[in-house]
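Asks: below is the sequence, then the predicted model.
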Amino acid sequence: MKIKIDKPYQFAVLVLLVAGAVGFSLVNTPEGANTEGIDVMNETEAVEMKEEEFHRAKPLINPTGYINTDNVSIEDNIGEKVILLDMWTYSCINCQRTLPHLKEWNRKYSDDGLLIIGNHAPEFDFEKKRSNVEDAVEKYNLTYPIVLDNNYGTWNAYNNRYWPHKYLIGVDGFIRYAHIAEGRYAQIQDKVRELVKELKM
């Protein structure tokens, strides 16, 4: 038995067939097809959008010494790590209260690509003494790299004015999150998790 299809239905069927063919051709792009221009355009647009919203990370400027490492840099780790730059000084009580959280994040996420850098910018002259900072690092059992910023090179490069101040730098090299003072530990950890996932994308 032949089923009769009215013209409006014939037209609808034709539209569906054409749409399906177009969708198939888009999904099944032939090997070697030139899609590079589209990818580059999208990546460029994404970077431009980030530049409107975020600041690019600055390097560490003229460190006066290192603890727990012979050398560390921000620029050499962009693209490889998520960097948490912590502006701190050891006698600051607010800084001291954040240290257990930094240690915990270092323990939990360093294997996933988190690099914590403690930028020690002294508030008082006695905090410029390396042995005093070393004693504090030992006392609080800090194992991540500590950079001595006695001349405030990095402090000034980031236009920083507060202790503590945490900057989260994504794999893309942009400062994706920043927080002044204590608190918001759950939010910082959530952001760390989010940015570490980008390393695997």
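Replies: Arrived safely, thanks for sending. Because the structure is predicted, anything quoted here is derived from the model rather than measured. Residues are numbered from 1 along each chain as shown.
Asks: where do the strands sit along this structure?
Replies: Secondary structure of the chain by DSSP state E: the strands cover 55-56, 65-67, 82-88, 114-120, 146-148, 165-169, 174-180.
Asks: in JSON lines: those, plus mean neighbour count and distance to Gln96.
Replies: Where you see a C-beta, it was placed from the backbone N, CA and C, and this is true even at glycine. Listed next are the strands of the chain as JSON lines, based on neighbours: other CB atoms under 10 Å; distance: least, CB to CB, whole Å:
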{"stretch": "strand 55-56", "mean neighbour count": "14", "distance to Gln96": "28"}
{"stretch": "strand 65-67", "mean neighbour count": "16", "distance to Gln96": "16"}
{"stretch": "strand 82-88", "mean neighbour count": "24", "distance to Gln96": "9"}
{"stretch": "strand 114-120", "mean neighbour count": "24", "distance to Gln96": "12"}
{"stretch": "strand 146-148", "mean neighbour count": "24", "distance to Gln96": "14"}
{"stretch": "strand 165-169", "mean neighbour count": "22", "distance to Gln96": "14"}
{"stretch": "strand 174-180", "mean neighbour count": "18", "distance to Gln96": "16"}
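Asks: can you list the ones you listed in a markdown table and add distance to Arg107 and mean pLDDT?
Replies: As requested, the strands of the chain are exported to a markdown table (distance: least, CB to CB, whole Å; pLDDT from 0 to 100):
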| stretch | distance to Arg107 | mean pLDDT |
| --- | --- | --- |
| strand 55-56 | 29 | 96 |
| strand 65-67 | 18 | 98 |
| strand 82-88 | 13 | 98 |
| strand 114-120 | 10 | 99 |
| strand 146-148 | 17 | 99 |
| strand 165-169 | 17 | 98 |
| strand 174-180 | 20 | 98 |
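Asks: turn these into JSON lines, including distance to Arg97.
Replies: Formatted as JSON lines, the strands of the chain follow (distance: least, CB to CB, whole Å):
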{"stretch": "strand 55-56", "distance to Arg97": "27"}
{"stretch": "strand 65-67", "distance to Arg97": "20"}
{"stretch": "strand 82-88", "distance to Arg97": "11"}
{"stretch": "strand 114-120", "distance to Arg97": "15"}
{"stretch": "strand 146-148", "distance to Arg97": "18"}
{"stretch": "strand 165-169", "distance to Arg97": "13"}
{"stretch": "strand 174-180", "distance to Arg97": "13"}
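Asks: now do the contacts for Asn156.
Replies: Ile61 (CB atoms under 8 Å, 6 or more residues apart in numbering).
Asks: oh, and call the first residue 25 from now on, that's how I've got it
Replies: Sure, I'll start counting at 25 from here, so that last one is Asn180.
Asks: that one and Arg154, how far apart?
Replies: 21 Å (CB to CB, to the nearest Å).
Asks: and stretch 192-207, how far from the chain's centre?
Replies: Counting by CA atoms, centre = their mean, to the nearest Å, stretch 192-207 is centred 6 Å from the centre of its parent chain.
Asks: distance between the ends of that stretch?
Replies: Stretch 192-207 has an end-to-end distance of 15 Å (CA to CA, to the nearest Å).
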